[in-house]
Structures are given as structure tokens and as C-alpha cells.
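1. I would like to see how this sequence folds:
(chains A, B, C and D)
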2 protein chains.
Amino acid sequence: MDKLMHLKTAEVEKSSHLDYFNIAISVDCVIFGYDKKELEILLIKSDLEEFEGLWSLLGDLIKPDEDIESAPYRVLKERTGLDDVFLEQVYTFGSLNRHPSGRVITTAYYSLIDVNHHKLQLTENEVHWHKVADIKKLAFDHKLIMDTCLQRLRQQVMEKPIIFNLLPEKFSLRELQDLYQAILGVQLDRRNFRKKIALKDWLVDLHEMEDNVPHRPGKLYKVKSDLKPKSTRKKKVVRSRLDMV
Amino acid sequence: MDKLMHLKTAEVEKSSHLDYFNIAISVDCVIFGYDKKELEILLIKSDLEEFEGLWSLLGDLIKPDEDIESAPYRVLKERTGLDDVFLEQVYTFGSLNRHPSGRVITTAYYSLIDVNHHKLQLTENEVHWHKVADIKKLAFDHKLIMDTCLQRLRQQVMEKPIIFNLLPEKFSLRELQDLYQAILGVQLDRRNFRKKIALKDWLVDLHEMEDNVPHRPGKLYKVKSDLKPKSTRKKKVVRSRLDMV
DNA sequence: ATAGCAATGTGTTTTTAGTACATATTTGTA
DNA sequence: TACAAATATGTACTAAAAACACATTGCTAT
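-> Residues are numbered from 1 along each chain as shown, chains lettered A, B, ... in the order given. As a prediction, this is how the structure comes out:
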């Protein structure tokens, strides 16, 4: 409220490149994928001297003429070719020394992508998938950002029907359970899992069967079509129960 | 990652006042208080022409040499004289046209203050408490920010022992229930409420009684002392149950 | 003093959700 | 045709949420 807040447009123009604009702002994307029963994220090799050999999140500075929410969509489009992705803002990180080259505050988003069915056009060959479980260290504060996003993902996945962004159109309950286990990092009881999912009432039975499995095939399901908004921007409000009321 | 991300320190210095710094970044504080069974927030009169007569949140631009988290503490200290307050980051708002005077991205924090027992030193007389329920419109996108913070507060208050930041040291279950009702905007059954609170195991029975009430006095409680970190920065992790595990 | 008011303080029942656990069935394969 | 590896399903126990009623305490007005 103090400074810019009280200025009229003309004054802002005048003072543009002074004190108030000494901070750059970026977005960083924690792009989750799922492959071979493992949760993965998409990383790019850092080319800062300080972080030689380390990987970092995909991100970019926000342009002066784009909404903050558009920035992560743009980053994903530029890096992967995808543009109908699930994205959700998580937290904004702004420690003084988080970026060695200057003052950069960054807003973290996480994204969920079905790796096997949207073929990514990885524009740079320095971009690769990494198993989340194997990641010990990243450039900048990106490990902290990743952990924060993973924590949020774990919350959300229990409450809202977003997990289906990581799966193909048709899937078996087994595949769904494997994915939950990969995200939550725990083993689940199959019978209780099925009851829980049934209770949530997110699925439609397709009356089709798996094939290409070396054992008894399971039924296939898809997510109910009214639960499938990809992006946060047009998200349907699914009220969580206020359990004290 | 594109631009600044790849620059070495010297290059950043050189390019400082160019494209990358055309966005200002601020924090805005949704400061919740509780008085006479109503949830309130602290607002300041907007002095932008565009928002003549409207109220706005307390905020300020982030200084190039302060952590993002320090900024809302500074704002609160400057505006209210308080410095041991509960603050939590909620969301970052950055629509292109949210600020009429220029491009400003803002990170919203909410704060909980016991109005009656920490006397605020309101440095400006344009700063006042307003009942949340009465607020229809605010300057900028501050109504959206307030609503987002209120929604987060409602979530958190069920999960974590933060509500006590709005109450005096000693309180009765009746006062606690009234406060929950004010925040959640619903009526609660007294017996079920007490059971629920007992279950959470947040309180210590002080074996003292209310006085100055025109009816049978209730017992007084305080929050368990190990549950009282005021700020997010040193917050104790209270694991929420992963109910599928 | 005492009747009435306005609270506090407690307990039971029903329903729903979570947890632990076992058996029969189906398909592919050796 | 027996076996391996899944799917599919049900029951009993426990915990929590929700709905609901009665006795008690302290103040106050008559």
C-alpha cells in the first residue's frame, strides 16, 4: 500500500526502473508423471555454474504482459508441447538468497500429466523424467519446492478427483491403486481401497475388460465426465465436508 | 529458467533495470480479529482515485533486501505495532489488470490477532476493523483475496490448533464454540462440539471458573503449551491423518 | 427465599466411515 | 489339467459424526 499502491499511473511509469522493480518474479513447475508404478517429475539440467551437474524445475520469468496463471501454461507448452494440462498453484518462495544471480521470487505450480498417452515433444534434450523417490538434491531451492508440491499433491489427491490426469482414459482399479500407492508412498489394502473409491463415486464402470495382462483381467473404468476439468481456472468446486457442522 | 535463470551475477547486474524487472511484487495481509461474536478484518481506506471510498487490505511492496516472509511481519509491525503474530501464506494473485497503476503481483497472507488483548497501535486513523460478513466490495481484487483467505482459514481451523490466536489466554468452551461458529458461519451442536474438541486433545483444564457472566459460569481452559507456535516459520508439523493408509 | 431464567455439563443411540482380515473365482501358462 | 497370479467380494470390529434430552448451577427479579 505504501509506495506504488498510492501512485497514479503516470508516476508509476516514471519510477518504473527504480527501486520497486528490483525483484524479478518467475514461475516454477513441478510436473508429475507416472510410469512403471513410479511417480516421476520432469527436470532440466541446470546450466548455472553454481549448480553444475544438478537438475532443476522447469520455469521462466513471468512476462510483464501475461497473467501469472498463464506463465506456467506457457512454460509447459514451450517445454512439452502440451496445452491442456492440469495445473495448480501451490506456494510462493522468496528467500533473499534463493537465487545466486539476483533477487528472484518464484511461484510454484504443480502439474499432472499422463506420460504415456500425451507424447511430449521435449524441445531440449536436457529435459528428462526422474523418479521422485530418487531425487536427493536439486538446484536452487527446488528440492524444497518439489517437496512442498508433493505434500500438496498428496493432500489433494485424497480430496479431489485430480489423480485421473495421470492415467489414460480407461484404467483398472488395480492401476488406480498402484498410482495412489506411488503418490502416497504407502501400501494400501485392496478391499478397503475399493470400498473407499466406491464411496467417492468418481468412476463409471465401462463394462469392458483389461487385456494384455498375464492373469485374470480386471474391469475397466473411466472417471465421471463431470469431474474432469483439466485446469484450475475453470475448476468445479467440490465441497469438502465440514465435519464439525 | 530462460532468461535470468541462465545469467551469471554480473550479467544480471547489467540488465537489472530492463525487461525482467517490470513487475512489482507486494504482500497483502488479511488480518482476522474476533470481537462480539463476529469475525472481523483490518482494512485501510484506499486513496486511489479509482477506488474512492473503498477499503483495502494492508499491504506493501516487498523490499529488495527482505525475505518474502518478512514483508507481512513488517507490514503488521508498522500498521499495528504487533510483532508476535500468526501469519500464513495463502495464494499469489497476479492478473494482468489487478492493479490500475501498473503491474503488481501480490502474495496474500492471513493473520490471526486477539483484538481485545493485544492493544493495537493503529498508526493511521484510516485503519479500521470491519465485520467480515458485511463486506461486499473492496478495492483492487481484495474481496477475492479476502474470500480465498477466509476459505483457507476455515480449512485450517478444523485441522490445526491455530484458532487460539484469536482468543485470550483463558477461555471457556462456550467462547471457543462461538468463535468457531463465527469463522465457519454455521451453528454447532454444543454436545458434539465438546466431544470433538475433547478428541483433538488441544486443551488444558485450568480448574478455574469464568466470572462476570450473568449465568452459571463455565470452566476455563487454555491451549496446551506445546501447540502454540505463533508464526508459520517455526511451525510444528502436526500430521493430519492419511485416511486411506 | 424462592421461582424462573440462562446458561453449563453430561450421555445414549444411530449412522457412517475406517480397518483388519479370508475365501472363491477367473484367466493365462507350463 | 494343475498351478500361478491376479480379480472380486463380504464380515466383524472400531472410531467418529450426528441427532437428540435431561439434570445442574448461578444470577436475578419478585
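
2. now A:D60. Its backbone dihedrals?
-> phi -160, psi 160 (degrees, to the nearest 10).

3. ok, longest strand in chain A?
-> The longest strand of chain A (DSSP state E) is strand A:24-35.

4. so after that one, what's the next helix or strand?
-> On the C-terminal side of strand A:24-35, the closest following helix or strand by DSSP states H and E is strand A:38-45.

5. which parts of that next one count as buried, going by neighbours?
-> Under the neighbour-count criterion of 16 or more other CB atoms under 10 Å in any protein chain shown, strand A:38-45 has A:L39, A:E40, A:I41, A:L42, A:L43, A:I44, A:K45 buried. To be clear about C-beta, it is placed using only N, CA and C from the backbone, and glycine gets the same treatment.

6. correct me, but the fourth one touches A:H128?
-> If I follow you right, that is A:L42. Yes: using CB atoms under 8 Å, A:L42 makes contact with A:H128 at a distance of 7.4 Å.

7. so of the buried residues of strand A:38-45, which two are at opposite extremes in space?
-> A:L39 and A:K45 (20.6 Å; CB to CB).

8. in CSV, list the buried residues of strand A:38-45 along with pLDDT and distance to B:M158.
-> Formatted as CSV, the buried residues of strand A:38-45 follow (pLDDT from 0 to 100; distance: CB to CB, whole Å):
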residue, pLDDT, distance to B:M158
A:L39, 97, 28
A:E40, 97, 33
A:I41, 97, 31
A:L42, 96, 34
A:L43, 96, 36
A:I44, 95, 39
A:K45, 94, 43
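
9. switch these over to TSV; also include distance to B:S225.
-> Below are these laid out as TSV (distance: CB to CB, whole Å):
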residue	distance to B:S225
A:L39	39
A:E40	43
A:I41	40
A:L42	45
A:L43	43
A:I44	46
A:K45	48
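
10. shouldn't A:T123 be within a strand?
-> No: using DSSP: H, G, I helix; E, B strand; the rest coil, the assignment for A:T123 is coil, not a strand.

11. and A:E88, its phi and psi?
-> Per-residue torsions, A:E88: phi -140, psi 130 (degrees, to the nearest 10).

12. okay, it: pLDDT?
-> A:E88 is assigned 98 on the pLDDT scale.

13. give me the beta-bridge partners of it?
-> Bridge pairing for A:E88 (DSSP bridges) gives the partners A:Y110.

14. the closest residue to DNA strand D within chain A in helix, strand or coil?
-> Distances between chain A and DNA strand D by CB to the nearest atom of the strand are smallest at A:R174, namely 2.7 Å. Three-state assignment for A:R174 (three-state DSSP): helix.

15. all helices of chain A, in order?
-> Along chain A, counting by DSSP state H, helices occupy A:9-15, A:70-80, A:142-159, A:173-184, A:190-200.

16. tell me which helix or strand in chain A has the weakest average pLDDT.
-> When the helices and strands of chain A are scored by mean pLDDT, DSSP states H and E, helix A:9-15 comes last with a mean of 41.

17. not including adjacent chain positions, what is the nearest residue to A:S95?
-> Once flanking residues are discounted, A:S95 sits nearest to B:D67: 5.3 Å by CB to CB, 6 or more residues apart in numbering or on different chains.

18. looks like the one you found contacts A:N97 (just checking).
-> No: counting by CB under 8 Å, B:D67 does not reach A:N97; the two are 9.0 Å apart.

19. who has more neighbours out of the two?
-> B:D67 (17 against 8; other CB atoms under 10 Å in any protein chain shown).

20. got the buried residues for stretch A:114-127?
-> For stretch A:114-127, the neighbour count (16+ other CB under 10 Å) marks A:D114, A:V115, A:L120, A:V127 as buried.

21. and the end-to-end length of it?
-> This stretch, stretch A:114-127, spans 17 Å end to end (CA to CA, to the nearest Å).

22. likewise stretch A:74-88?
-> This stretch, stretch A:74-88, spans 14 Å end to end (CA to CA).

23. need the contact partners of it.
-> A:27, A:29, A:31, A:42, A:44, A:58-60, A:66, A:69, A:72-73, A:109-113, A:118, A:120-124, A:127, A:152, A:156, A:162, A:165, A:230-232 (CB atoms under 8 Å, 6 or more residues apart in numbering or on different chains).

24. likewise stretch A:212-227?
-> Contacts for stretch A:212-227 (CB under 8 Å, 6+ apart): A:161, A:164, A:169-174, A:176, A:201-211, A:236, A:238.

25. buried ones only from those, please, as a ChimeraX command.
-> Buried residues within those, by 16+ other CB under 10 Å, are selected in ChimeraX with:
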select /A:161,164,171,172,173,174,176,202,203,210
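
26. name the nearest residue to A:D178, sequence neighbours excluded.
-> Going by CB to CB, 6+ apart, A:D178 has A:K37 as its nearest residue, at 5.2 Å.

27. in chain A, what residue lies closest to DNA strand C?
-> Using CB to the nearest atom of the strand, the single residue of chain A nearest to DNA strand C is A:R216, 2.9 Å away.

28. pull the number of nearby residues for that residue.
-> Residues within reach of A:R216, counting by other CB under 10 Å, total 7.

29. quick check, pLDDT for it.
-> At A:R216, the pLDDT value in this model is 93.

30. repeat that for the one 5 residues further on.
-> The predicted local confidence for A:Y221 comes out at a pLDDT of 97.

31. distance of it from A:I197?
-> Computed as CB to CB, to the nearest Å, the A:Y221 to A:I197 distance reads 9 Å.

32. what do those two both touch?
-> Common neighbours of A:Y221 and A:I197 (CB under 8 Å, 6+ apart) are A:L173, A:L176, A:L203.

33. is it true that the second one touches A:I163?
-> Meaning A:L176. Yes: if you go by CB under 8 Å, A:L176 and A:I163 touch, sitting 7.4 Å apart.

34. determine the residues that are contacts of both of the two.
-> With CB under 8 Å, 6+ apart, A:L176 and A:I163 have no common neighbours.

35. pLDDT below threshold where in chain A?
-> Filtered on pLDDT under 70, chain A yields the residue ranges A:1-21, A:229-245.

36. please repeat the previous calculation with a cut-off of 50.
-> A:1-18, A:232-242 (pLDDT under 50).

37. so which bits of it are right by DNA strand C?
-> Chain A comes close to DNA strand C at residues A:189-192, A:195-196, A:199, A:209, A:211, A:213-217, as judged by CB under 7 Å from any atom of the strand.

38. hmm, 10 Å instead?
-> Residues of chain A lying close to DNA strand C (CB under 10 Å from any atom of the strand) are A:158, A:188-201, A:209-218, A:241, A:243.

39. what subset of the residues you listed is also close to DNA strand D?
-> Counting by CB under 10 Å from any atom of the strand, the members of these near DNA strand D are A:189-195, A:198, A:209-210, A:213-218, A:241, A:243.
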